[in-house]
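Q: next comes the sequence, and after it the predicted model I'd like to discuss.
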Amino acid sequence: MTGKPFEPAANVSLQSRNTLRLPAEAAWYARAGDVTELRRALDWADRQDLPVLLLGGGSNLVLAGDFPGLVLRVSLGGRCWSGVDNGSAILEVGAGENWHETVMYSVRSGYRGLENLALIPGTVGAAPIQNIGAYGVELSHALVDVSVWDREQGAERVLTCEECAFGYRDSLFKRQPERYVVLKVRLRLSKRAPLRLGYRDLEEFFDGQAIDALTAEDVAQAVIQVRSRKLPDPDFLPNAGSFFKNPVVSLAQFESLQQRFPDIVAYVGQDSAKLAAGWLIDQCGWKGHRDAHVGVHNRQALVLVHHGDGQGGELLGLASRIRDDVQARYSVALEVEPRIFPVSMREEFRF
Ligand code: FAD
Ligand code: NAP
């Protein structure tokens, strides 16, 4: 590849670049605004055998120490429509675009499909990593395909929704974390798809209103209001959203838990049951708990917060005590949702 030499910045603070506002430094830091810049940066890191951390909005990361390699902010932009046909269309969006702004752009254009996913922080490129979901909708419901740079094959590829192997907060990208860089996604949206209002908070919000008259933008605005009432805004109280995934257990395990704990909150499917991790944590007495600099949010026990001047190790220490309590009381293993760096801290706290 020709062009200007790659010159990343050295020793860059990541504190303002992660929503937990944890103090951490990148040994090297750069932005990639297109595929050429991305490849140049990855080649540079590979030549020096340095690890690479792909960064979006930093809202699903726990930076528990300095990163010894290259932190690469993926900033590929652009949004365009294609395949407009009989009320449906495909929206193509660059990985560096803001997710919430993309949702609002789609609903204001009259299209349905993304409205329940309003106000999720971060970038479009990170959305497929954990198959973002909220209020009964997951990214995979709208996703057509994902364009990636495959670091193993050294080539650009298009992965279909099926190839992405999406699951509950899970995907191929989570299982092979360093392999793919998301470049853009294509989403199929529709002007006539049914609105999904089945979640209790949304049902309550629209109680008594004429559902038929609602637009996707009305639903997005409702989601914004409901979320703003309940979930802490990282700009005011730093957090990374849900710290643990809701555990999915077998029906047999759920029935045995229900016998011992009749009030347990769970959503029962055909082959498994999803337990509300926030309820388990709350029952262990952690809701609203505060250590010196870190704590558990007082309205949603699933969200751990950083009150300032703390370190990632303190947060992971608190998280591991919560995990151990839930395991001891309910024999249920809690899995951390955000990605923890550096790996040594993940190992130290057994996450
Ligand atoms: P980052 O935190 O920067 O990165 C997350 C992971 O993706 C990292 O492993 C990173 O290396 C990787 N990554 C980032 N960009 C790329 C790329 N282009 N290619 C390959 N890998 C990449 N999540 C939900 O699912 N539902 C919610 O309702 C929700 N609500 C939230 C509310 C709050 C207040 C907060 C703070 C978080 C919430 N989250 C939620 C979690 C988070 O916002 C999402 O997971 C989001 O998609 C992360 O985007 P990001 O750009 O900040 O990713
Ligand atoms: P909530 O409505 O209080 O519900 C608590 C939990 O119960 C949620 O985790 C949700 O699972 C589950 N649940 C509720 N109603 C359900 C239903 N009808 N069917 C199946 N499961 C149901 O949750 P909240 O804290 O206010 O969050 C609202 C939504 O935003 C949720 O979907 C949540 O996942 C999402 N959110 C995610 C993050 C994150 O970082 N991942 C952060 C904030 C909010 P699900 O989580 O599977 O939906």
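A: Arrived safely. Numbers count the residues shown, from 1 in each chain. Ligands and ions are numbered 1, 2, ... in the order given.

Q: next, count neighbours for the closest residue to residue 151 other than its chain neighbours.
A: The shortest distance from residue 151 to any residue that is not its chain neighbour, by CB to CB, 6 or more residues apart in numbering, is 5.6 Å, and that residue is residue 179. (Each C-beta comes from the backbone N, C-alpha and C, glycine too.) A total of 14 residues lie near residue 179 under the criterion other CB atoms under 10 Å.

Q: and residue 179, what is it in contact with?
A: 150-152, 173 (CB atoms under 8 Å, 6 or more residues apart in numbering).

Q: ok, now residue 56?
A: Under the criterion of CB under 8 Å, 6+ apart, the contact partners of residue 56 comprise 73-74, 95-96, 122-123, 125-126.

Q: sorry, back to before: need the contacts of residue 179 in JSON lines with pLDDT, secondary structure and neighbour count, can you?
A: JSON lines is the format used below for those (pLDDT from 0 to 100; DSSP: H, G, I helix; E, B strand; the rest coil; neighbours: other CB atoms under 10 Å):
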{"residue": "150", "pLDDT": "98", "secondary structure": "strand", "neighbour count": "14"}
{"residue": "151", "pLDDT": "97", "secondary structure": "coil", "neighbour count": "17"}
{"residue": "152", "pLDDT": "97", "secondary structure": "coil", "neighbour count": "9"}
{"residue": "173", "pLDDT": "98", "secondary structure": "helix", "neighbour count": "24"}
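
Q: specify which member of the contacts of residue 56 is nearest to residue 208.
A: Ranked by distance to residue 208 (CB to CB), the contacts of residue 56 are led by residue 122 at 34.0 Å.

Q: can you give me the pLDDT of the closest one?
A: pLDDT recorded at residue 122 is 98.

Q: hang on, it packs against residue 99?
A: Yes. Taking contacts as CB atoms under 8 Å, residue 122 lies within contact range of residue 99: 5.4 Å.

Q: mind telling me which residue of the stretch 201-350 of the chain is nearest ligand 2?
A: Sorted by distance to ligand 2 under CB to the nearest ligand atom, the residues of the stretch 201-350 of the chain start with residue 241, at 2.4 Å.

Q: quick one on the thing from earlier: okay, residue 122 and residue 99: which has more neighbours?
A: Under the criterion of other CB under 10 Å, the comparison of residue 122 against residue 99 puts residue 99 first, with 25 against 20.

Q: list phi and psi for residue 348.
A: Backbone torsions of residue 348, given as degrees, to the nearest 10, read phi -60, psi -40.

Q: need the three-state assignment for whichever residue of the stretch 201-350 of the chain sits closest to ligand 1.
A: Relative to ligand 1, the nearest point of the stretch 201-350 of the chain is residue 241 (2.6 Å; CB to the nearest ligand atom). Per DSSP: H, G, I helix; E, B strand; the rest coil, the local secondary structure of residue 241 is strand.

Q: picking up where we left off before, do you know the pLDDT at the residue nearest to residue 151?
A: Looking at residue 179, its pLDDT reads 97.

Q: quick one: it and ligand 1, what's the gap?
A: Taking CB to the nearest ligand atom, to the nearest Å as the measure, residue 179 falls 9 Å from ligand 1.

Q: mind listing the strands for the stretch 201-350 of the chain?
A: With DSSP state E, counting those that start in this stretch as the definition, the stretch 201-350 of the chain shows strands at residue ranges 239-242, 248-250, 266-268, 272-275, 294-296, 303-306, 339-341.

Q: out of those, the one nearest residue 4 is which?
A: Comparison of these against residue 4 by CB to CB identifies strand 339-341 as nearest, at 29.0 Å.

Q: list phi and psi for residue 79.
A: Reported as degrees, to the nearest 10, the phi and psi values for residue 79 are phi -140, psi 130.

Q: hmm, it is touching residue 106, no?
A: No. When contacts are counted by CB under 8 Å, residue 79 is not listed as touching residue 106 (9.1 Å).

Q: those two: which is more packed in?
A: Neighbour count, other CB under 10 Å: between residue 79 and residue 106, residue 106 has more, with 27 against 15.
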